[in-house]
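[1] A predicted structure for the sequence below; I have some questions about it.
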Amino acid sequence: MVNQDLAATFVAAAEAAGAETFLARDVGEALTIAARLFEREQVRTALACPSLRKAADDAGLRLGVPEGTAAIAGAQAAVVRADFGAAETGTLVRLDTGDDEKLLWTLPPLCVCLLERRAIVPDLQSLVGVVSDHLGRTGLPGPQVSFVTGPSRTADIEGQLAIGVQGPARLVIGLIEGGRG
């Protein structure tokens, strides 16, 4: 069982960074919550990472498959899965295998990310070995690592804040109690 304090620390840090969070018993419930969110927000084009396709279909959430940069950039939302969460900063970590996986996190303006509670670690330092091993993998089109902490924010030299320039303008994190679905 994951230390409850780690999960609470993660949620507090993620929300402080501007993310929204919700709790779900399992992946199916999380996808049902995402479906309701998409209905409320009138999202018509949403994509899912391949590992969530079957669970999304089972939950009645019809999500497209990412097929290149143009399709990903044209989507209003995406549902992705994080490999880890760092409690100290509320950061989501995804071990991407190529550009489409990375772009699915960053191009649609609304990103719903599912994170298993048991995948929360105390801090990013705890993941150095895992990240190093992933980046050293051979046989992948382009191993990369995505670190996402809250919605994208950037400011120009005059201090004008812009949201969603280098990542999602809205990040919703579903914290999953149970295992993979």
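    It's in.

[2] so where do the strands sit in this structure?
    Applying DSSP state E to the chain gives strands spanning 20-24, 46-48, 77-81, 84-86, 91-96, 110-116, 120-121, 144-148, 153-155, 161-163, 170-176.

[3] Just the residues contacting the fourth one, thanks.
    The one in question is strand 84-86. Residues outside strand 84-86 that contact it (C-beta atoms under 8 Å, 6 or more residues apart in numbering): 10, 14, 91-93, 115, 119-124, 126-127, 130, 173. Just so you know, the C-beta spots here come from the backbone N, C-alpha and C atoms, and that holds for glycine as well.

[4] ok, now which ones touch the residue nearest to the spatial centre of the chain?
    Per C-alpha atoms, centre = their mean, the C-alpha nearest to the average position across the chain is that of residue 113, at 3.1 Å. Residue 113 is in contact with 79-82, 92, 105, 148, 171-174, counting by C-beta under 8 Å, 6+ apart.

[5] again, only this time at 6 Å
    80, 82, 92, 173 (C-beta atoms under 6 Å, 6 or more residues apart in numbering).

[6] got the contact list for the third one?
    Going back to what we said before, that points to residue 92. Contacts of residue 92 (C-beta under 6 Å, 6+ apart): 82, 85, 113, 148.

[7] Need the per-residue pLDDT for the second one.
    For residue 85, the model assigns a pLDDT of 97.

[8] Compute the distance between it and residue 94, please.
    10 Å (C-beta to C-beta, to the nearest Å).

[9] Check residue 32 too.
    To residue 94, residue 32 is 23 Å away according to C-beta to C-beta.

[10] Next: residue 141.
    15 Å.

[11] who has more neighbours, those two?
    residue 94 (23 against 11; other C-beta atoms under 10 Å).

[12] What does the pLDDT read for the residue nearest to the centre of the chain?
    Looking at residue 113, its pLDDT reads 95.

[13] Run through the bridge partners of it.
    residue 80, residue 173 (DSSP bridges).

[14] Report the residue spans of the protein with pLDDT below the cut-off.
    For the chain, the stretches with pLDDT under 70 are 1-4, 152-167, 179-181.

[15] for it, what spans make up the helices?
    With DSSP state H as the criterion, the chain has helices at 4-16, 27-40, 53-58, 69-74, 99-106, 128-135.

[16] Now the third one: buried residues?
    Residues of helix 53-58 classed as buried: 53, 55-56 (neighbour count, 16 or more other C-beta atoms under 10 Å).
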